[in-house]
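Chemist: Next come a sequence and a model predicted from it.
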Amino acid sequence: MTSRYLTRKAGMFFLLTVYFAVIAVRYAEPILDGDLFWHLAYAQQMFDHHTLVPNATLYSWTPVNGRMIYCAWLSELAFFGLWKMLGMIGVFALRYAIIIAITGLFWTIIHRARFTTCPAALLAILMLAVTAYPGSMQKPELFSLLFYHTTLSCYFRAKLASHASENPLPWLYAIPFIMLIWANAHGAHVLLAPFLIATAAGEVLNWRFSSKIGFSGRHLAHLLCAWALCAIAICLTPYGISYPLQNLHELSAWGKNRPDGIWNTSNLPIYSSGVLHPLSQAQVFAALAVLVIGMFIVIARQREVRARVDYALALSLIVFLPISVLIGRASYLWPALSCYSIVFLTFLAQQKHFPNGQPSLLSFSRWRIGQVFATLAFIFVSLCTGYDVYARPQAGSWLGFGIGYCNPVQESEYLAKANLGPRYYNTFDSGGYLLWRLYPQYQVMVDPRSFPYLDWFQDQYNFAYGTNFAEFLARYPADLAIIDLKKFYCWRNFIRANDWHILFYGPTAAIFARGLAFKDRRVEKAVELQNLRNAETAFSVYDFSVVVGDYETTWRILAQLETTLIWQADKTLLKRAQTYRSAHIALSHGDYDEANWLFSLVLRNGVVADRDQLILTLLRSRQRLLDQGNKEAAQTIASGLARLALPNVPEH
């Protein structure tokens, strides 16, 4: 073996090691989406009542309806079975298994296209694995990710088989079978419809204008037949034809008849935030678009007339682009199709120049330069991914496993022991876990399903954002509330209401009860507040503790943000919190001019308690009296300020 060969092998081994490390780290996160838990509740109901059609109206005390069909029984039972057998370890393992499966499917296409194992191939696999993240949440959507990639793999295997004069029919007819399973596992199977329509039209154009790229007439007829069978497959669910008719109505309206669309942040476009961050989705889309367009140009210039354009790929890429850009949860569709398309187009390009899949001697230097760039890009993507996981985790997340702060775990345990039910107010995001953990002891007001509550959606939306508090409580009476700390205006309404009293708060939510019996009860706190693992969560707890006057927790949280969470902490929010502490230090030292300036800064830039607003009002009154020369009145106010000063404010 030559030294060059050994060096190349060692380099590939290093890149493979980095690849598996990146995948292990990227998907090492807690359960962030509360949807998993209501799906588990549905599965428990199906298991107990021996039915595949769960009753959507069981879990809530507010008005609900079961008109909308939600068919995910297959994936719900799969998650439930894993949870029963292995606990949450099984759920986390399933996510890794599916990520490995989709990259394995992609690798079979790369191998079938006769590409060698090289940095460029590993870069393509890494990009596919990283861009799969939006579809990898632990819920039925995870199966949509798998079935989508399986469909892409079958389609491209069929195209490669056709080029090799092999039989593509098994791959084409596998797709209706995949669709049959998919339709019973998750509603995102409807997103495959644009792909099927685009590829059907494109393959007809290929047959007419690019016959050396497309299928033969006989195979094209089978493709159209297989695609038609997909339409039949989606009718084979417990709901029959009613299910596809409902989906068709939803697609035709494009969500206009769903008022809950404004609530779900996963439906936001990819350019709504973080566009300038390295390796943002917008940047990834732009890079892939450049590569795809470049490959189409290469093919058009190098190949003969009837093999210059693959219309099926062009149309499907065009159709999927706006869907993936405008709907965040579908943003994995276009990058995956782009990766497959780049491999196939490269296969077409190399057929002319490298029939054996290897570069010629004349182009070897260019090939090596390309591999060097691919290696550098691979390292860049790996470093950016690792940095994002460590320093920019999702809300409520951390590097590791468990149940994320988006789900009120500690708060639910308090309610389970307190037995204060059965009705409580809650907000949309935390309802999934509450439903799973506390039913039938308690019933939720709402939960992330959203579709049972569409008849009064605007009421709950206004309640969550604090605009119709008294009216809402009168219309939907309850004596208990568990409110997410992110919903500032909602929980502030409960704090300011004289007949509501705080009982407990944790990293996710605060619990309130109505009535004099709870007025003097000691407020309890979750132990986990002493060691939080997410900066965004810590800031929410910090704001709440400030408003309720729990300054011991306030300073403890600030200390965590300045030490263990400093890499995650938003610098502007951290500076605001430090300014607030400095304001109280100045007040306790009697430096009222400094305190006036600092409290004014905080009041303009963040959450403050009513007590702090009173302090600032007194500071400004004192300054105004001094400016008027009334020192005696100013001193009287200063005495009042001294009584409002906090004891034991930490100096740093």
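Modeler: Thanks, I have it.

Chemist: What residues does Trp500 make contact with?
Modeler: Going by C-beta atoms under 8 Å, 6 or more residues apart in numbering, Trp500 touches Ala481, Phe494, Phe512, Ala513, Arg514. For glycine as for every other residue, the C-beta is placed from the backbone atoms N, C-alpha and C.

Chemist: Just the ones in helices from those residues, please.
Modeler: Phe494 (DSSP state H).

Chemist: Now the buried members of the contacts of Trp500.
Modeler: Buried subset of those (neighbour count, 16 or more other C-beta atoms under 10 Å): Ala481, Phe494, Phe512, Ala513, Arg514.

Chemist: Columns pLDDT and distance to Ala120 on top of those, output as CSV?
Modeler: Shown next, in CSV, are the buried ones among the contacts of Trp500 (pLDDT from 0 to 100; distance: C-beta to C-beta, whole Å):
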residue, pLDDT, distance to Ala120
Ala481, 96, 56
Phe494, 96, 57
Phe512, 97, 57
Ala513, 95, 61
Arg514, 94, 64
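
Chemist: that older thread, among the contacts of Trp500, which are located in strands?
Modeler: Ala481, Phe512, Ala513, Arg514 (DSSP state E).

Chemist: mind checking how far the third one is from Gln350?
Modeler: Here the criterion is C-beta to C-beta, to the nearest Å. By it, Ala513 lies 70 Å from Gln350.

Chemist: before we move on, what about the first one?
Modeler: Ala481 sits 64 Å away from Gln350 when distances are taken as C-beta to C-beta.

Chemist: Assign a three-state SS to the spatially most central residue of the chain, would you?
Modeler: Geometric centre of the chain, nearest residue: Pro134, 5.6 Å, by C-alpha atoms, centre = their mean. Of the three states, Pro134 takes helix under DSSP: H, G, I helix; E, B strand; the rest coil.

Chemist: Strands along the protein, start to end?
Modeler: Under DSSP E, the chain gives strands at 425-426, 480-484, 500-505, 509-514, 524-525.

Chemist: will you turn the ones you listed into a markdown table that also has distance to Leu229?
Modeler: Output for the strands of the chain, formatted as a markdown table (distance: least, C-beta to C-beta, whole Å):
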| stretch | distance to Leu229 |
| --- | --- |
| strand 425-426 | 44 |
| strand 480-484 | 45 |
| strand 500-505 | 54 |
| strand 509-514 | 48 |
| strand 524-525 | 58 |
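
Chemist: hmm, back to that, can you tell me which of the buried ones among the contacts of Trp500 is closest to His149?
Modeler: Ala481 (42.6 Å; C-beta to C-beta).

Chemist: Please list all residues in contact with the residue nearest to the centre of the chain.
Modeler: Counting by C-beta under 8 Å, 6+ apart, Pro134 has contacts Ser266, Gln281, Gly328, Arg329, Ala330, Ser331, Tyr332.

Chemist: if I look at it, how far off is Leu142?
Modeler: 11 Å.

Chemist: again, but for Tyr425
Modeler: With C-beta to C-beta as the criterion, Tyr425 and Leu142 are 31 Å apart.

Chemist: what do you get for Arg624?
Modeler: 61 Å.

Chemist: Repeat that for Lys486.
Modeler: Computed as C-beta to C-beta, the Lys486 to Leu142 distance reads 25 Å.

Chemist: do the same with Val319
Modeler: Relative to Leu142, and taking C-beta to C-beta, Val319 is found at 24 Å.

Chemist: between the two, which one's more packed in?
Modeler: Leu142 (24 against 20; other C-beta atoms under 10 Å).

Chemist: Would you mind giving the contacts of Trp500 as JSON lines with distance to Gly549 added?
Modeler: Shown next, in JSON lines, are those (distance: C-beta to C-beta, whole Å):
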{"residue": "Ala481", "distance to Gly549": "19"}
{"residue": "Phe494", "distance to Gly549": "15"}
{"residue": "Phe512", "distance to Gly549": "15"}
{"residue": "Ala513", "distance to Gly549": "18"}
{"residue": "Arg514", "distance to Gly549": "20"}
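
Chemist: List just the nearest of the contacts of Trp500 to Lys571.
Modeler: For those, the nearest to Lys571 is Phe494 (30.9 Å; C-beta to C-beta).

Chemist: All the helices of the stretch 351-500 of the chain, in order from the start?
Modeler: Using DSSP state H, counting those that start in this stretch, the helices found in the stretch 351-500 of the chain span residues 364-391, 409-418, 431-438, 457-464, 469-475, 488-496.

Chemist: hey, which of those helices is tucked in deepest?
Modeler: Among the helices of the stretch 351-500 of the chain, helix 431-438 has the highest mean neighbour count (mean count of other C-beta atoms under 10 Å), at a mean of 25.

Chemist: and it, what does it pack onto?
Modeler: helix 35-49, helix 409-418 (3 or more C-beta pairs under 8 Å, 6 or more residues apart in numbering; DSSP states H and E).

Chemist: List the residues that contact Phe504.
Modeler: Under the criterion of C-beta under 8 Å, 6+ apart, the neighbours of Phe504 are Glu411, Tyr414, Ala510, Ile511, Val523, Glu524, Lys525, Ala526.

Chemist: try 6 Å
Modeler: Contacts for Phe504 (C-beta atoms under 6 Å, 6 or more residues apart in numbering) come out as Tyr414, Ile511, Glu524.

Chemist: and the closest residue to Ala161 other than its chain neighbours, backbone torsions?
Modeler: Distances taken as C-beta to C-beta, 6 or more residues apart in numbering place Pro168 nearest to Ala161, at 4.2 Å, with adjacent residues excluded. Here is the backbone geometry of Pro168 (degrees, to the nearest 10): phi -90, psi 0.

Chemist: pretty sure Pro168 contacts Arg157?
Modeler: No - at 7.6 Å, Pro168 does not count as touching Arg157 under the criterion of C-beta atoms under 6 Å.

Chemist: Please work out how many residues are found near Asn167.
Modeler: 12.

Chemist: nearest residue to it other than its sequence neighbours?
Modeler: Ala161 (6.4 Å).

Chemist: Can you report how many residues lie near that neighbour?
Modeler: 19.
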